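*Asks:* build me a model:
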Amino acid sequence: QVQLVESGGGLVQAGGSLRLSCAASGRTFSSYAMGWFRQAPGKEREFVAATSRGGGTIYYADSVKGRFTISRDNAKNTVYLQMNSLKPEDTAVYYCAASRTTVVVTTTPEYWGQGTQVTVSS
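*Replies:* Below is the predicted model:
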């Protein structure tokens, strides 16, 4: 089992940047594919980005391609989401997620963090 704790959310103006972090417990972090999802008010949770266990395979939602970058540091048990050129429509609660496989982490992850709020003002 893995526990996930997100940090780094906040309020930023449109065009600005934020970096989210997700710290995972346990000594098996490198055994998990990691992902980020988000949920805006009144909307369903949606996939944002995912990385394979070694970081060699990465997926992005079309809405964030070219603006967001997912990365991981297995030595620090942490996955990151660098968000640049933020738009008001990026406003949401962002969730970290983990699963044994990359395909599953993009759809139905086994583990979730508690979420961190990102608000982008226009």
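
*Asks:* how far off centre is stretch 40-49?
*Replies:* 12 Å (C-alpha atoms, centre = their mean, to the nearest Å).

*Asks:* now that stretch - C-alpha only, PDB.
*Replies:* Provided in PDB are the C-alpha atoms of stretch 40-49 (Å, rounded to 0.1, in the frame of the first residue of the first chain):
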ATOM      1  CA  ALA A  40     -13.000  21.500 -11.200                       C
ATOM      2  CA  PRO A  41     -16.200  22.600  -9.500                       C
ATOM      3  CA  GLY A  42     -19.200  20.900 -10.900                       C
ATOM      4  CA  LYS A  43     -17.100  18.700 -13.200                       C
ATOM      5  CA  GLU A  44     -15.900  15.100 -13.200                       C
ATOM      6  CA  ARG A  45     -12.400  14.300 -12.200                       C
ATOM      7  CA  GLU A  46     -10.200  14.100 -15.300                       C
ATOM      8  CA  PHE A  47      -6.800  12.700 -16.200                       C
ATOM      9  CA  VAL A  48      -3.900  15.200 -16.500                       C
ATOM     10  CA  ALA A  49      -0.600  13.400 -16.800                       C
END
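
*Asks:* now the strands for this protein?
*Replies:* Along the chain, the segments classed as strands by DSSP state E run 4-7, 10-13, 18-24, 33-39, 46-51, 58-60, 68-73, 78-83, 92-99, 111-112, 116-121.

*Asks:* let me know the outermost residue of the protein.
*Replies:* Centroid-distance maximum for the chain: residue 122 at 22.5 Å, with C-alpha atoms, centre = their mean.

*Asks:* what's the separation between the residue lying closest to that residue once chain neighbours are set aside and residue 118?
*Replies:* Counting by C-beta to C-beta, 6 or more residues apart in numbering, residue 88 is the residue found nearest to residue 122 once chain neighbours are left out, at 4.7 Å. For the C-beta atoms, the positions are set from N, CA and C on the backbone; glycine is no exception. To residue 118, residue 88 is 11 Å away according to C-beta to C-beta, to the nearest Å.
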